[in-house]
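**Q** From the sequence below, what's the structure:
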Amino acid sequence: MPRLAIVILNYNRADLLADCLESIYSHPTRCTLDVWVVDNASTDGSAAIVRERFPLSHLIVSPRNGGFSYGNNLALRKILGNGELRIENEEIDNRQSAIGNPPALSLSKGQSSIPDYVLLLNNDTIVPPGALDGLVDYLEMHPDVGCVGPRLLLPDGSLDLACRRSFPTPEVAFYRMVGLSRLFPNSARFNRYNLGYLDPDVETEVDSVVGACMLLRTSIIQEVGLLDEQFFMYGEDLDWAYRIKQYGWRVVYYPAVHVWHYKRAASTRRAIPSIRAFYDAMRIFHRKHFAATTPAPLNWLIEVGITAKELLALGRNLIRPPAARRVG
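**A** Below is the predicted model:
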């Protein structure tokens, strides 16, 4: 039976986190689950809710909010560490009795401590019945695929465009920054970043899926390394996918499985810092992967363009009412 570790990062959204965990624990799975919650120094009682309502979860309380990569890596280090996931059999049985979860949601007695798969999952997601097994089954049946992501649906039922993307090469980023991707959403040339020209119902090999719901083989994390903590928020999933593909693995968008995503529910509460993190991620990704092979004048234009877009986004958010503020 495959073993799956789920890592959920939380910052001051106890309400969303509780709904997400409830959706995971409400339905039995064929795979064995270990759920890890990393609380990034919340002040809203999130950690207490996890302890009280979801005692099967492993809780890590960070003393500081170090960002997405930092927080997820706290759990990933323990997951990859020898023996870090072992729990006494009696404690497993007691936890099951306390919340009435089916045996499929517990640690299997005598099983190896390192899981077969790791799922990064946002706290603002709802996981429908069968979704976790569907993603695990896909990797079980496709040994050349290292990472898979589902169809992510926004609350209105529309596609979260971030769930299947191309890498923001200088050309791809230029088309997006100047607005050509919006003007020509069905163009394979101008809308390569969000792949808007592709049928969302069709399974597709892509450059990257999104860290809001991203399933990887544990062996790949051991191979390519943890998330890059240069990225505070945004861009770390693209960077991880870039490194995964460098090692020869395929990344696939798999629409037969869907997950609900209440996107930006957390970041809009801190719109200005989130905007800065978004554009910082663009700079870091370009400098890390493309700057060395890009002519110096073009690198300068890219940096100027990113800064101009950042200032424009900050200005727009200042004049928007708080409920309408967003990132990007």
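**Q** How far does the helix ranked longest in the chain sit from its chain's centre?
**A** In the chain, taking DSSP state H as the definition, the longest helix is helix 296-319. Helix 296-319 sits 25 Å away from the centroid of its parent chain (C-alpha atoms, centre = their mean, to the nearest Å).
**Q** Now it: buried residues?
**A** Judged by neighbour count (16 or more other C-beta atoms under 10 Å), helix 296-319 contains these buried residues: 299, 302, 305-306, 309-310, 313, 317. Every C-beta, even on glycine, is put in place using the N, C-alpha and C of the backbone.
**Q** Dump those into JSON lines; add pLDDT and distance to E22 as well.
**A** What follows is the buried residues of helix 296-319, written out as JSON lines (pLDDT from 0 to 100; distance: C-beta to C-beta, whole Å):
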{"residue": "N299", "pLDDT": "88", "distance to E22": "47"}
{"residue": "I302", "pLDDT": "88", "distance to E22": "43"}
{"residue": "G305", "pLDDT": "88", "distance to E22": "43"}
{"residue": "I306", "pLDDT": "89", "distance to E22": "39"}
{"residue": "K309", "pLDDT": "87", "distance to E22": "38"}
{"residue": "E310", "pLDDT": "86", "distance to E22": "37"}
{"residue": "A313", "pLDDT": "86", "distance to E22": "34"}
{"residue": "N317", "pLDDT": "78", "distance to E22": "32"}
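**Q** can the residues you listed go into TSV with extra columns for distance to D239?
**A** Conversion of the buried residues of helix 296-319 to TSV gives the following (distance: C-beta to C-beta, whole Å):
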residue	distance to D239
N299	18
I302	17
G305	20
I306	16
K309	20
E310	19
A313	21
N317	25
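**Q** Nearest to P143 among those?
**A** Of all these, the one sitting nearest P143 is I302; the distance, using C-beta to C-beta, is 37.6 Å.
**Q** Quick check: that closest one touching H286?
**A** Yes. Contact between I302 and H286 holds when scored by C-beta atoms under 8 Å: they sit 5.9 Å apart.
**Q** Find the residues that touch each one of these two.
**A** When contacts are counted by C-beta atoms under 8 Å, 6 or more residues apart in numbering, I302 and H286 are jointly contacted by 170, 173, 294.
**Q** Give the ranges of residues in the protein that sit below the confidence cut-off.
**A** Low-confidence segments of the chain, defined by pLDDT under 70, are located at 82-112, 264-270, 320-328.
**Q** Can you show me the helices along it?
**A** Taking DSSP H as the test, the helices found in the chain are 14-25, 46-53, 68-80, 89-99, 131-141, 170-177, 180-183, 218-224, 236-246, 271-289, 296-319.
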